[in-house]
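Visitor: Sequence plus predicted model, see below.
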Amino acid sequence: MKELVWIIPLFPFAACAVLMFFGAGLKRRMGEGVAWIAVVGIAATLPFSLGVLTELVLGAPSYSCAAPWAVLAGRTLEVGFQVDALSAVMLVMVSIVATCIMVFSAGYMHGDDGYQRFFAYMSLFCGSMFLLVLASNFLVLYVAWELVGLCSYLLIGFWFYKPEAARAATKAFVVTRIGDLFFAIGVFLLFIYAPGLRFEETFAAIRTGTMSASIAGIAALLLFGGAVGKSAQFPLHVWLPDAMEGPTPVSALIHAATMVAAGVYMVARLSPMYWASLDQAIVFGLPALSVVACIGLITALMAALIGVTQNDIKRVLAYSTISQLGYMMVGLGMGLAGFVAGVFHLITHAFFKALLFLGSGSVMHAMQEELDMGKMGGLGRKMPVTQWTFWAGTLALAGIFPFAGFFSKDEIILATWHVGQAEGRWVFFVGLEIGVFLTALYMGRLCFNVFSGSPRTEVAEHAHESPAVMLWPLRILAVFAVFLGWIGSPWVMSNLFHRFLAGMRPELEGTHAVGFNWTVAGASTALAAGGLLLAAAMYYWRVFSPEVLKKVLWPLYAASKRKFWFDELYGYTVVAGTVLLSKLMAAFDVLVIDGIVNAIGWGTRVLVAQLIRWFDLIVIDGAINVMAFLTGLVGEAGARLQSGKVQDYVAGLAIFAATIAAAAVLAALWWRLGTPLPW
C-alpha cells in the first residue's frame, strides 16, 4: 500500500478537474448530486491512508520515492514523496476530516449558484494538502505550500460579489505572502548550502557538519516565518478571523485539516533542523526553537483573550483556532520533550475544531446565516443533535476529561512543566494554564448564549434541526472528539501515539512520553471547570451580569474587544505607509521621471525647430537665391541674344552650324583613324 501513496492526491485532483471542466454540464444533468463527485474523490483516499497507517503500525519501514524533474545549477530537482509515521497520521486525519466536511457541504451549500465551483475548489484544496503532507523535499513542499495558499484565497473569496469576502480574501493572500517570502528565502538558502533538497539529505548534512548549525538555524527561522503566516501566529494572525467571510465548510477545512495545519506540520516535519541549532543564538540571543515557543505562547494567550469578547460565533472559533495553534507551537518549541505532544494536539484539534465549525454551520443554517450569538438562544431544544455534538467539541477544546483535548493539551502543558524545571520556562506553564481557563470561558459563553435560555429573535423561535446529510458528519466527528485522545494516554499501550511517532526519527529513539502528572492534570481540569462555571454563572444561571466584569476589567476588556488594535495598527503603519509610499512614488514618477522626459522632449522640440529654421534660412533660402541669381544671368544673356536684328540671328546660326560641322568632322576622323583626339 505504501508504494501506491502517490495515488492519494490524484483522487481529489481528478475530482477537481472533472468539476472544473464538466461541472456545469453535470450540474444540469445531475443537479446537486454533482457534489458527490467531490465526496467520492476525497473518500477514496481513506482506504489508502488507513492502509498506509496500518502497515506502519504493524512495523513496516518508512518509504520514499522520487523521480527527476529538472536540472538547475548542476543539481537534479526531483518530485518525491515519503511516508513515515508523521505523514501517515496526517493522511488519515485529512482524509477523515475532509470527507466529513465534504458530506456536510453537500447539504449546507444547497441552492448556491456556484455549487460545482465550490466543490472543485474544495477538492483542489484537499489534494494540495495531501501533496504537502507527502512531500519528501523542499521543492514539492514549496509547490504544495503555495497551492494551499491559492486555494484559501479562492475559497475565502468564494462569494466574491460580496465586498467583505473580496477584502477578506485579499487580506489573507497579502498577509500570508509576507510569511511566504521568508519561507522562499529559507528554501533558497538551503538550495545554496545544503547538498540536496531532500529533507533527509539536509538533516544528514547538519548531523555530519557539512552544513553548519548556524546556517541551519537561520534557515529554520526563515521557514518558520512561513508557518507564522500560514498558521496565523502573532503578528501575522490578523487574516484568519476575516477568513470567516467564506462559506462555513471552508472555515472548517481551513481551521482543521489544511491551511493552518500546514504551518504546524512543516515545523514538525523539519524539527531536526531546529533541534540541531539549539546552541545557535539567532534572534535576541535565542535559538530558533525558543523563538517558536515564544511566538506560540504569545499567540495562545492573545487569541484566547480576544475570543472572550467576540459575539460573532465563527470569529470566536477563529480566535480559538489561533490560540490552539499557539499551543501546538509551544509543544514543538519544547524540543524532543514536546514534539509528540504538539503533533498529537494537531491531530485531535483537527477533529474537534472541524466539529465545532460544522456545528456553527448547522446553527447558521437554522438561523438564516445569522452570526451574532446575542440574537440566538434556546436552540438546544430545537436542535438537540447539533447541541450535544457541539458540546462534545467544546469539552474537548476546553480539555475536560475524558475528551480528546484533555490528553493532547495537557501533554503540551506537562512538557513545559518538565522542561521548565531544567531551563526556567515556568512562564510557559503558567501562560498555558491561563489559556486553559480562558478557552473554557469563551466556549462556555458561546454554548450558553446559543443553546440555553429562550429564543431572543423571531428567527431563533422558528429554528429547526439540520438535515441528516449535515448531522451525520457531526456525529462521526463527535465520536473522535470524545475518544481519540485515549491513543495518546498512558493507559493505552503506554501512550500508543508516542510510541508510534517516536520511531520515525533517530533523535526520538529512547525518548519516553511525558507521562501523566496528577498535579498538572488536576490544575488544568480545575481551571477548565472554573472557566465553564464562570460562563454558566453569567450566561446560564444569571447569577451576575457580565457587565460587572467589564467594568472591573475595562482596560483589558476594551483591548480584547478591539482585538488589541492590531488591525488599526497595521492600518496606520503598514497600509498607510504603503499608500504613502505609493503616492510618493507616483509623485516622483510625475515630477521627476515625467519631468525629465518632458524636459528632454521640450528641449528636443526647441532644438529641432531651431535647426529647421537655420536649415530653411541657410540651405533652402540660399539655394533659392542662387537659382534666382543664375536664372537672372541666363535671362540677361538671353535678353542680349534677342536683339531683333536679322543679320545677328543669321550670324548666330552660321556660328552654331560651323561648330556642329567641326565637331562632326573631328568625330569622323577619330572613328576612322582609331586614334584619340589631341585633347
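Guide: Here it is on my side, so go on.

Visitor: elements contacting the host helix or strand of F191?
Guide: Using DSSP states H and E, F191 sits in helix 163-193. For helix 163-193, the packing partners by 3 or more Cβ pairs under 8 Å, 6 or more residues apart in numbering; DSSP states H and E come out as helix 138-156, helix 213-230, helix 239-242. For the C-beta atoms, the positions are set from N, CA and C on the backbone; glycine is no exception.

Visitor: For Y274, find the nearest of those.
Guide: Closest approach to Y274 among those is made by helix 213-230 (5.1 Å; Cβ to Cβ).

Visitor: how close does the residue nearest the centre of the chain get to T176?
Guide: For the chain, G149 is the residue whose C-alpha lies nearest the centre (Cα atoms, centre = their mean; 3.2 Å). G149 sits at a distance of 5 Å from T176 (criterion: Cβ to Cβ, to the nearest Å).

Visitor: Which neighbours do the two have in common?
Guide: Common contact partners of G149 and T176 (Cβ atoms under 8 Å, 6 or more residues apart in numbering): K230.

Visitor: so the host helix or strand of L317 versus helix 213-230, what angle?
Guide: Assigned by DSSP H and E, L317 belongs to helix 313-333. Interaxial angle of helix 313-333 relative to helix 213-230 (axes from the mean of the first three to the mean of the last three Cα atoms, to 10 degrees): 170 degrees.

Visitor: so what secondary structure elements neighbour helix 313-333?
Guide: Against helix 313-333 (3+ Cβ pairs under 8 Å, 6+ apart) you get helix 239-242, helix 248-256, helix 259-269, helix 288-307, helix 339-366, helix 404-423, helix 426-451.

Visitor: Show me what the shortest one packs onto, helices and strands only.
Guide: When you say that, I think you mean helix 239-242. helix 163-193, helix 313-333.

Visitor: rerun at 10 Å
Guide: The helices and strands touching helix 239-242, judged by 3 or more Cβ pairs under 10 Å, 6 or more residues apart in numbering; DSSP states H and E, are helix 138-156, helix 163-193, helix 248-256, helix 259-269, helix 288-307, helix 313-333.

Visitor: Could you check the angle the first one makes with helix 213-230?
Guide: For helix 138-156 against helix 213-230, the angle between stretch directions is 20 degrees (the same axes, to 10 degrees).

Visitor: OK, contacts around the residue nearest to G114 when sequence neighbours are not counted?
Guide: Nearest non-adjacent residue to G114, counting by Cβ to Cβ, 6 or more residues apart in numbering: F158, 6.6 Å away. Listed by Cβ atoms under 10 Å, 6 or more residues apart in numbering, the contact set of F158 reads 109, 112, 114, 117-118, 121-122, 165, 169, 245-247, 250.

Visitor: List phi and psi for F158.
Guide: phi -60, psi -50 (degrees, to the nearest 10).

Visitor: Please report the distance of it from S362.
Guide: 19 Å.

Visitor: do the same with L584
Guide: Per Cβ to Cβ, L584 is found 51 Å from S362.

Visitor: Likewise for G488?
Guide: Taking Cβ to Cβ, one finds G488 at 28 Å from S362.

Visitor: With L132 instead?
Guide: Distance from L132 to S362, by Cβ to Cβ: 29 Å.

Visitor: Need the CA coordinates for stretch 459-476. PDB is fine.
Guide: Taking Å, rounded to 0.1, in the frame of the first residue of the first chain, the C-alpha atoms of stretch 459-476 are listed here in PDB:
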ATOM      1  CA  VAL A 459     -35.600  33.600  13.600                       C
ATOM      2  CA  ALA A 460     -34.400  31.700  16.700                       C
ATOM      3  CA  GLU A 461     -38.000  31.000  17.600                       C
ATOM      4  CA  HIS A 462     -38.600  29.200  14.300                       C
ATOM      5  CA  ALA A 463     -35.200  27.400  14.100                       C
ATOM      6  CA  HIS A 464     -35.100  23.700  13.300                       C
ATOM      7  CA  GLU A 465     -32.600  20.900  13.200                       C
ATOM      8  CA  SER A 466     -30.400  20.500  10.100                       C
ATOM      9  CA  PRO A 467     -31.000  17.700   7.600                       C
ATOM     10  CA  ALA A 468     -29.400  14.200   8.100                       C
ATOM     11  CA  VAL A 469     -26.600  14.900   5.500                       C
ATOM     12  CA  MET A 470     -25.400  17.600   7.800                       C
ATOM     13  CA  LEU A 471     -25.900  15.800  11.100                       C
ATOM     14  CA  TRP A 472     -24.100  12.500  10.400                       C
ATOM     15  CA  PRO A 473     -20.700  14.300   9.900                       C
ATOM     16  CA  LEU A 474     -21.300  15.900  13.300                       C
ATOM     17  CA  ARG A 475     -22.000  12.600  14.900                       C
ATOM     18  CA  ILE A 476     -18.900  11.000  13.400                       C
END
